[in-house]
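Peer 1: quick one: sequence plus predicted model below, questions after.
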Amino acid sequence: MLKEQILKKAVTPAYIFSLDELEDRVRLIRKILGDRIRIVFAVKANPFLVETLSPLVDGFEACSPGEDRICRALNVPSDKMVISGVNKEEASVAEQVRFHKEKAVYTVESPLQMALLNKAALKAGCRINVLLRLSSGNQFGMDEKTLKELLGRREDYTKVRVRGLQFFSGTQKKSRRISQEIAAADELLTALHASGAYGTDCLQEFEFGPGLPVSYFPSDKETPDEVLLESLREDLDAMRYRGQITLEIGRFLAAHCGYYLTEVSDLKETGETGYCIVDGGIHQLNYYGQMMGMKIPHLSLLRKEGGITPLPEGAEANDHRTVCGSLCTTADVLIRDLPVSGLKGGDVLVFERAGAYSVTEGISLFLSRDLPRVYLTKQDTIIEVRKQVLTEELNYGRINPDS
């Protein structure tokens, strides 16, 4: 938990990301997984962490041209970039290959993408490395039949070198499912190597998104992170495939370093229900797999006059409040029936484990509410890296459509 003096410096609503906690998280993952495993951070989880992570991780996965431009603006080296995405448009592909050339790795999710990348590399005068994405049965990647056909025709793409395979099936997965996916991938990679049909240099890397879970709610059964990581390491060590293993990690790396702060604006009773209205809402806070309000997340209260109190208070609480945000919709419920004592206007609710996705995944333009401030904190210092952003001009476009 962040110190009281740090939290009180933030103007709500706001996100605060602790770089100290982020660095501790990377060290924990590195210590348990060992030096053999490369770690790639999924930029979509939290772009505000890229600059800090640049010297700490082995790479970044950019799933859109915008995420790629963020990494460029922060001077992330091209050899640390994995250029991904289910939709690769010809103009964007050409520009990215022209910029990164052979230093980056590019993913292929369809035969069309293979052709686009080959055309772009030919025009840029380079030969690029790609990872073929294996589908888990959805719109991402290719099924095994298509993947093998593309491998068999790889000589048709003279400017593309197939470096390996990529597989990602989702997030918040249990260890058993992760183990099954690793075993299935190992079987496929071993069979492809054993066939001898694809050469010895085209399956040098396997990039895997384990989708390690984050517990957002104290009522959930939580497996210690060390146990999750040790189980993952054992599964990876057991693989017969001995090429490079790269793990794409986003949520599991970033979630614990983030806090969302929202101030109590109003307190009232409607019938039998006590309401607490805050200056944030569901447009700024999103926890995976759970409609807001159905469970109480990891949470603390920063009192305007006083210190930090863990919530919920339980049997000691003399009041119960339904916490609602600033949106004019009945859906804007952050917590139902929160046990709390002596809640006052100006108190701040501190939602924990908000370091992944909330900052980018919320319905932030709904009802033209301002985007919240973003702060980074390290060793008792706090820096505002994004000011409050007005959104109304994004929601009405040009004043005169005919101009």
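Peer 2: On my side now, so go ahead.

Peer 1: where does pLDDT dip in the stretch 251-400 of the chain?
Peer 2: Within the stretch 251-400 of the chain, the stretches with pLDDT under 70 are 288-292, 315, 398-400.

Peer 1: if we use 80, what do you get?
Peer 2: Counting by pLDDT under 80, the ranges of the stretch 251-400 of the chain that qualify are 287-294, 314-317, 362, 397-400.

Peer 1: would you map the strands across it?
Peer 2: 258-270, 273-278, 299-302, 308-311, 320-324, 333-339, 348-352, 373-378, 381-386 (DSSP state E, counting those that start in this stretch).

Peer 1: so K173: helix, strand or coil?
Peer 2: Secondary structure, DSSP: H, G, I helix; E, B strand; the rest coil: K173 is coil.

Peer 1: residues near it, how many?
Peer 2: Neighbours of K173 under the rule other Cβ atoms under 10 Å: 17. C-beta coordinates here come from the backbone N, C-alpha and C atoms, glycine included.

Peer 1: who's in contact with the closest residue to it other than its chain neighbours?
Peer 2: Setting aside the residues directly before and after it, K173 is nearest to G211 in space (Cβ to Cβ, 6 or more residues apart in numbering), at 4.1 Å. Listed by Cβ atoms under 8 Å, 6 or more residues apart in numbering, the contact set of G211 reads 168-173, 178, 251.

Peer 1: nearest to Y241, of those?
Peer 2: I178 (15.8 Å; Cβ to Cβ).

Peer 1: and the particular helix or strand that has the closest one in it, what does it pack onto?
Peer 2: Per DSSP states H and E, I178 falls inside helix 175-195. If contacts are counted by 3 or more Cβ pairs under 8 Å, 6 or more residues apart in numbering; DSSP states H and E, helix 175-195 sits against helix 144-152, strand 160-168, strand 205-209, helix 225-237.

Peer 1: what comes up buried for the helix or strand following the last one?
Peer 2: Remark: after helix 225-237, the chain's next helix or strand is strand 244-249, criterion DSSP H and E. By neighbour count with 16 or more other Cβ atoms under 10 Å, strand 244-249 contains the buried residues 245-249.

Peer 1: with stretch 357-370 instead?
Peer 2: Taking 16+ other Cβ under 10 Å as the neighbour-count basis, stretch 357-370 is seen to contain the buried residues 357-359, 361-362, 364, 366-367, 369-370.

Peer 1: ok, now stretch 182-201?
Peer 2: Neighbour counts using 16+ other Cβ under 10 Å place 182, 185-186, 188-189, 192-193 of stretch 182-201 among the buried residues.

Peer 1: what's the closest of the residues you listed to A14?
Peer 2: Of all the buried residues of stretch 182-201, the one sitting nearest A14 is I182; the distance, using Cβ to Cβ, is 38.9 Å.
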